[in-house]
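>>> here is my input; please provide its structure:
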Amino acid sequence: MRDIQLLHKGKVYHGRIGYDQPDMMEVETLKPVEFARGDKVLCFDFQRRQPTKVLYASSTKLILATAESELFNIGKRPEKAYEDFMNDNMEPIKSFKLNTYATLNDDFKITAVRISNVSQIGIGLEVNDFSIKLNHVYDTKIFCDDECIMPKIIVRYAHILERTIRYGAEIHQISASDLNKFQYYVATQQFKQLMHA
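Okay, here's the model as predicted:
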């Protein structure tokens, strides 16, 4: 474990890195700390100086993501139109793989879907039929471990695969607390995938 120092609200805390990747790290502090999800923390040692944000905080354990991480672009409405992201000349957009479930609610009809990925421009949904309407706003319930979040999404395109249909949806509306929960959930899922790889 490598030592690191954390600067938060004018105080320096000492910790040890348990897990380190370009986008996120897990730090165990030597003494209990009171950080909150979303707090800005400057991490530094002899090799780097990196602004981060807190994704998870307990009394002695932190999961931090770099301030410029694509995680913090999830749910933000892109400056470009959704269609602009679909042309062939675009740079690749960072996508995070997920395997969770959600429901789409339209009037009194509820459709169960699997969420396969998430990125800055939206969410990838998979379902086995053509019941999802394009350019339609859906109330959604996404299951994030023990919690549920309820954004509104607009389904923008459909792609027929061998065994399923993949839909691309843009996040139309999401509360700040739900967005924070969702970003944390995506980060922990990436963390779990890397630990099992």
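>>> could you say which helix or strand holds the residue lying farthest from the centre of the chain?
In the chain, the residue that sits farthest from the middle, by C-alpha atoms, centre = their mean, is residue 46; the gap is 29.7 Å. Under DSSP states H and E, no helix or strand contains residue 46.
>>> what's the answer for residue 105, then?
Applying DSSP H and E, one finds residue 105 within strand 95-106.
>>> residues in contact with the helix or strand that comes right after that strand?
For strand 95-106, the following helix or strand on the C-terminal side (DSSP H and E) is strand 109-119. Here strand 109-119 makes contact (C-beta atoms under 8 Å, 6 or more residues apart in numbering) with 70, 74, 93-104, 123-127, 131-132, 142, 166-167, 182, 186. In this view, the C-beta of every residue, glycine as well, is placed from N, C-alpha and C.
>>> what distance do you get for residue 136 to residue 108?
Counting by C-beta to C-beta, to the nearest Å, the separation of residue 136 from residue 108 is 15 Å.
>>> more neighbours, the two?
residue 136 (13 against 5; other C-beta atoms under 10 Å).
>>> once you drop chain neighbours, what's closest to that one?
Once flanking residues are discounted, residue 136 sits nearest to residue 155: 5.9 Å by C-beta to C-beta, 6 or more residues apart in numbering.
>>> what is that neighbour paired to in the beta sheet?
Per DSSP bridges, the residues bridged to residue 155 are residue 169.
>>> next one: it relative to residue 37, how far apart?
The value you get for residue 155 to residue 37, if C-beta to C-beta is used, is 29 Å.
>>> between those two, which one's more packed in?
residue 155 (21 against 15).
>>> show me the helices in the protein, by range?
176-196 (DSSP state H).
>>> mind giving me the domain split of it?
By the assignment in automatic domain parsing, the chain contains the domains 2-68, 71-196.
>>> end to end, how far does the shortest one reach?
Just to be clear, that refers to domain 2-68. Distance between the two ends of domain 2-68: 23 Å, counting by C-alpha to C-alpha, to the nearest Å.
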